[in-house]
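1. Pasting a predicted model and its sequence here:
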Amino acid sequence: MNIININDNKLYYVGGVVRDELLGIESLDVDVVYEGNAIEFAKSLSEAEILQINEPFGTVRVKLDGREVDIASTRDEVYERKGHLPTVTKIGVTLESDVKRRDFTINTLYKSVSTGEIVDLTGGREDLKNKTIRVLHDESFIDDPTRIIRALKFAVRFGFKLDKHTKKLQDDYLKNINYDMCYKRIKKELIETFNLNSQTAFETFIKDNIYKLVTEKKVTLPRVNIEKLINLYPVDNIWLVYAGVLGDLSRLPLTKTEQKILDDFSVTGKLKTDFEIYKAFEKAMPETILLYAILKDEKAAVKYLDKLRCIKLSINGKDLQEIGIAPSPEYQEIFDYVLKLKLKSPDMSKADEIKAARNYLVG
Ligand code: ATP
């Protein structure tokens, strides 16, 4: 890894990028920390263009060799309000102090930018070798419960296991959740975890009671394999298909589209005929249909996705006008009448459809 070209012995790569390099995986974002005040440091660099400064957090975004890099100051933090963003109490502390605010030992490795030496203050290298996820202290999940979902994300992504004591701390927390937490951050971690599209992740999420962070209502594992379903019928919002299974997402800040996907699902009742299935799903988002498959009627949803959705009427209002029917609300009834026939006989041609429309009028 040779991403930054600055020779300063207080500058370190940290966290995910070092972890991923040791695992032989390419990391997308690069976190860099300066042991001291990163803002003053960045200002002193003639080769760096300062793009953005966040004074309270001591972070700075710079452009270096045409690349944007965030440099953080080493800092101390306290969780004044558990479950919410911590407060920075001191900027420019030692690495030994900075490391304490991090989540898991595997994310605490610092790698000197100038020498490449790795500084391991928590046994993170050993845990990486042993595929173990371990918190740094017993209050970790109480301070920040999003770490429970992060642990699951890393476990699934790398095939790691939670260390026994960490699992016990997680279980203890999940028995006594403080729901006053930042759900924007919970949502972000849920998105990253569920977007891995892993049935294993979801099963652990339910069986280990992690879902209780989101809802107090009991959730059981659906019979349908969601990973397979999504592989067959890809959707944009993978995470929402998994999260939607929990039923109650009222704590999460949802976008209008996300809320619509869930609302459309919940108002869709039992669908008996092909026509009912078609009408229920023709304007629905694919995520709504998958939720219906998982929680209500897999056969009906799959029938729509495999077969019915390919059937489209060829006639439109203009065609009806041409055969002498004046525009009126009756058009919808005519289209529905023809559609019912076409769902039974998908090979109907446009001429057949026009004939059917005429028949409807004759009664
Ligand atoms: P990813 O590969 O998913 O980006 P990452 O480890 O780089 O993983 P980030 O969310 O980018 O994760 O965070 C960067 C670093 O910041 C982490 O490696 C970790 O040291 C620290 N960190 C992130 N989130 C938390 C948290 N909730 N609590 C404590 N430390 C955290």
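-> Sure thing, it's come through. Numbers count the residues shown, from 1 in each chain.
2. Which residues in stretch 312-328 does the neighbour count mark as buried?
-> Residues 315, 320, 325 are the ones in stretch 312-328 that count as buried (16 or more other Cβ atoms under 10 Å). C-betas here are computed from N, CA, C, even on glycine.
3. Over to it now: how far is its first residue from its last?
-> 21 Å (Cα to Cα, to the nearest Å).
4. what distance separates that stretch from the centre of its chain?
-> 45 Å (Cα atoms, centre = their mean, to the nearest Å).
5. what's the answer for stretch 65-81, then?
-> 23 Å.
6. avg pLDDT for that stretch?
-> The average of the pLDDT scores along stretch 65-81 is 94.
7. Start and end of stretch 338-357, how far apart?
-> End-to-end distance (Cα to Cα), stretch 338-357: 6 Å.
8. could you give the mean pLDDT of it?
-> 97.
9. Same question for stretch 35-55.
-> Mean predicted confidence for stretch 35-55 is 95.
10. C-alpha coordinates for that stretch, CSV please?
-> Taking Å, rounded to 0.1, in the frame of the first residue of the first chain, the C-alpha atoms of stretch 35-55 are listed here in CSV:
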residue,chain,number,x,y,z
GLU,A,35,-0.8,11.8,15.9
GLY,A,36,-1.4,15.5,16.8
ASN,A,37,-3.6,18.2,15.3
ALA,A,38,-4.4,17.2,11.8
ILE,A,39,-5.7,20.6,10.8
GLU,A,40,-2.5,22.4,11.7
PHE,A,41,-0.6,19.6,10.0
ALA,A,42,-2.5,19.9,6.8
LYS,A,43,-2.1,23.7,6.7
SER,A,44,1.7,23.2,7.0
LEU,A,45,1.8,21.0,3.9
SER,A,46,2.6,22.9,0.8
GLU,A,47,1.6,20.0,-1.5
ALA,A,48,-1.9,19.7,0.0
GLU,A,49,-5.0,21.7,-1.0
ILE,A,50,-7.4,22.0,1.9
LEU,A,51,-10.9,21.2,0.9
GLN,A,52,-12.9,21.1,4.1
ILE,A,53,-12.2,21.5,7.8
ASN,A,54,-14.2,20.1,10.7
GLU,A,55,-12.8,22.0,13.7
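11. can you give me the helices for the stretch 51-200 of the chain?
-> 95-98, 124-129, 140-143, 146-158, 164-175, 183-194, 199-207 (DSSP state H, counting those that start in this stretch).
12. Turn the ones you listed into a markdown table, columns for distance to residue 255.
-> Shown next, in a markdown table, are those (distance: least, Cβ to Cβ, whole Å):
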| stretch | distance to residue 255 |
| --- | --- |
| helix 95-98 | 35 |
| helix 124-129 | 36 |
| helix 140-143 | 28 |
| helix 146-158 | 19 |
| helix 164-175 | 27 |
| helix 183-194 | 10 |
| helix 199-207 | 22 |
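13. who's in contact with residue 345?
-> residue 352 (Cβ atoms under 8 Å, 6 or more residues apart in numbering).
14. Contacts for stretch 322-330, please.
-> Contacts of stretch 322-330 (Cβ under 8 Å, 6+ apart): 317, 320, 321, 331, 334, 354, 357, 358, 361.
15. Quick one: these as TSV, columns for distance to the ligand and secondary structure too.
-> Output for these, formatted as TSV (distance: Cβ to the nearest ligand atom, whole Å; DSSP: H, G, I helix; E, B strand; the rest coil):
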residue	distance to the ligand	secondary structure
317	51	helix
320	55	helix
321	57	helix
331	52	helix
334	54	helix
354	57	helix
357	56	helix
358	61	helix
361	62	helix
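16. mind listing what the nearest residue to residue 147 once chain neighbours are set aside touches?
-> What sits nearest to residue 147 in space, not counting adjacent residues and going by Cβ to Cβ, 6 or more residues apart in numbering, is residue 103, at 4.8 Å. Residue 103 is in contact with 135, 136, 140, 144, 147, 150, 151, counting by Cβ under 8 Å, 6+ apart.
17. hmm, back to that, so which of the helices of the stretch 51-200 of the chain gets nearest residue 263?
-> helix 183-194 (17.7 Å; Cβ to Cβ).
18. now the angle from the closest one to helix 199-207?
-> 140 degrees (axes from the mean of the first three to the mean of the last three Cα atoms, to 10 degrees).
19. Tell me the buried residues in helix 183-194?
-> 183, 185, 186, 187, 189, 190, 191, 193, 194.
20. Wait, the first one touches residue 252, no?
-> Yes. Using Cβ atoms under 8 Å, residue 183 is in contact with residue 252, at 5.3 Å.
21. Check pLDDT for the buried residues of stretch 312-328 and point me to the minimum.
-> Within these, pLDDT is lowest for residue 325, at 89.
22. Right, I'll call it a day here.
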